[in-house]
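# coordinates only, sequence not included:
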């Protein structure tokens with residue numbers, strides 16, 4: 001049965017992150033399955049730059065246009081992926097018409113806002129409880145995220161929506177792509193405060209620390225850590241080559257809800273070193289594919305001893321097809 005599915009997200013291109021990757025792959029596979037997907041994203045509206053992060057654009061005065069497009073589309077399923085302006089507008093639309101909808105929890109919004117603006121996390125979680133409360137179901141990637149939300153007073157029914165990896169793109173390759181002293185300790189992602197990259201760059205490690213990515217702290221860290229190698233923003237084939245050429249992938253974030261980039265490293269045959277926090281705890285579920293330790297240097301040194309084949313095999317358990325099937329089965333009829 002073909003369904004008309006409305007998917008609303010404040011996160012979209014030109015952002016490159018796990019949320020956008022998940023949404024893009026899910027919607028593509030839904031369409032390939034024959035469903036009609038109406039993807040509502042900020043690029044369709046007038047936008048302003050997000051404070052402290054101008055590359056992220058936020059839709060403004062978006063309700064009337066969003067409502068008109070949804071009225072015309074007549075969705076049978078509505079999913080609101082994010083808690084930003086478009087998410088709030090879609091939530092208002094559904095409540096005004098008594099339409100059932102689902103939401104998902106992708107980022108530790110309260111923690112991010114606290115890091116950037118010093119707003120108490122309790123305030124952030126109060127907003128998040130308000131936002132998600134009317135949803136029929138809230139989709140979360142892992143048990144750790146569900147437990148965290150419950151600890152902050154969420155009463156919603158929560159269902160699983162895991163993540164995937166493109167194992168054809170991210171695969172073991174020739175490590176000669178990087179001609180730097182080894183071992184190569186790699187970070188890839190946004191160069192921003194919430195990624196806690198400084199915890200990686202401050203480590204006294206042998207070989208080379210290599211950073212792939214761009215963001216508001218790039219200039220600062222280039223100056224502060226001249227011994228690290230910054231190669232800028234990469235995507236697609238170049239990113240996959242950097243990933244596979246590393247000896248260990250270092251994931252210093254303490255605020256990710258999953259961390260798809262860890263799956264990309266593992267699929268490339270590269271072990272992961274991280275803190276034992278939400279995200280890594282759910283992806284690195286055995287010590288054959290990564291090491292989790294509050295002493296990040298110890299985790300890096302131990303991860304370097306792990307087998308590439310074990311890492312690859314673990315990542316192959318995750319696919320975008322399984323991810324999309326989970327998502328589709330979680331949707332609810334608007335007339336429920």
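Perfect, I can see it now. This structure is a prediction, so every number in the text was calculated from the model and none was measured. Numbers count the residues shown, from 1 in each chain.

# hey, which helix or strand in this structure has the poorest pLDDT?
helix 109-117 (a mean of 75; mean pLDDT, DSSP states H and E).

# unless I'm mixing things up, residue 291 is touching residue 302, no?
Yes - with contact defined as Cβ atoms under 8 Å, residue 291 counts as touching residue 302 (4.3 Å). C-beta: built from backbone N, CA, C; applies to glycine.

# Tell me which of the two has more neighbours.
residue 291 (25 against 18; other Cβ atoms under 10 Å).

# returning to that earlier point: report the distance from the least confident helix or strand of the chain to the chain centre.
16 Å (Cα atoms, centre = their mean, to the nearest Å).

# Please enumerate residues in contact with that helix?
Helix 109-117 is contacted by residues 51-53, 83, 119-125, 127-128, 152, 193-194, 255 when judged by Cβ atoms under 8 Å, 6 or more residues apart in numbering.

# And it, what's buried?
109-116 (16 or more other Cβ atoms under 10 Å).

# now swap in stretch 85-94 and tell me
In stretch 85-94, counting by 16+ other Cβ under 10 Å, buried: 85-91, 93-94.

# Now do stretch 227-240: distance from first to last residue.
With Cα to Cα, to the nearest Å as the measure, the ends of stretch 227-240 fall 23 Å from one another.

# Pull out the buried residues from the longest helix along the chain.
Ranked by number of residues, the top helix in the chain under DSSP state H is helix 18-32. Neighbour counts over helix 18-32 (16+ other Cβ under 10 Å) mark 18-23, 25-27, 29-30 as buried.

# Tell me the helices and strands packed up against it.
If contacts are counted by 3 or more Cβ pairs under 8 Å, 6 or more residues apart in numbering; DSSP states H and E, helix 18-32 sits against strand 4-8, strand 36-40, helix 260-267, helix 320-330.

# Out of these, which is the most enclosed?
helix 260-267 (a mean of 27; mean count of other Cβ atoms under 10 Å).

# now it: mean pLDDT?
Helix 260-267 comes out with an average pLDDT of 97.

# just the angle between that helix and helix 18-32, please?
80 degrees (axes from the mean of the first three to the mean of the last three Cα atoms, to 10 degrees).

# State the next helix or strand along the chain beyond helix 260-267.
strand 272-274 (DSSP states H and E).

# picking up where we left off before, what about the contacts of helix 109-117, which are in strands?
residue 53 (DSSP state E).

# Please pick the buried ones from the contacts of helix 109-117.
For the contacts of helix 109-117, buried by 16+ other Cβ under 10 Å: 53, 83, 121, 124-125, 128, 193-194, 255.

# And these, which two are furthest apart?
53 and 125 (20.8 Å; Cβ to Cβ).

# re earlier: residues that sit against both of residue 291 and residue 302, list them.
Shared contacts of residue 291 and residue 302, counting by Cβ under 8 Å, 6+ apart, come down to residue 273.

# mind listing the helices in the stretch 151-300 of the chain by residue range?
All helices of the stretch 151-300 of the chain, identified by DSSP state H, counting those that start in this stretch, fall at 198-201, 218-224, 236-245, 260-267, 280-283, 296-303.

# right, so of the ones you listed, which gets closest to residue 169?
Comparing the helices of the stretch 151-300 of the chain by Cβ to Cβ, helix 236-245 comes nearest, at 5.0 Å.

# Now that closest one: buried residues?
Using 16+ other Cβ under 10 Å as the test for burial, helix 236-245 gives 239-245.

# again, but for stretch 301-318
Buried residues in stretch 301-318 (16+ other Cβ under 10 Å): 301-304, 306, 308, 310-312, 314-315, 318.

# Which ones among those lie within strands?
Per DSSP E, these never map to strands.

# Switch these over to JSON lines, and while doing so, append pLDDT and distance to residue 285 to every line.
What follows is the buried residues of stretch 301-318, written out as JSON lines (pLDDT from 0 to 100; distance: Cβ to Cβ, whole Å):
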{"residue": "301", "pLDDT": "98", "distance to residue 285": "21"}
{"residue": "302", "pLDDT": "98", "distance to residue 285": "16"}
{"residue": "303", "pLDDT": "98", "distance to residue 285": "15"}
{"residue": "304", "pLDDT": "98", "distance to residue 285": "20"}
{"residue": "306", "pLDDT": "98", "distance to residue 285": "14"}
{"residue": "308", "pLDDT": "98", "distance to residue 285": "18"}
{"residue": "310", "pLDDT": "98", "distance to residue 285": "12"}
{"residue": "311", "pLDDT": "98", "distance to residue 285": "12"}
{"residue": "312", "pLDDT": "98", "distance to residue 285": "15"}
{"residue": "314", "pLDDT": "98", "distance to residue 285": "8"}
{"residue": "315", "pLDDT": "98", "distance to residue 285": "12"}
{"residue": "318", "pLDDT": "96", "distance to residue 285": "11"}
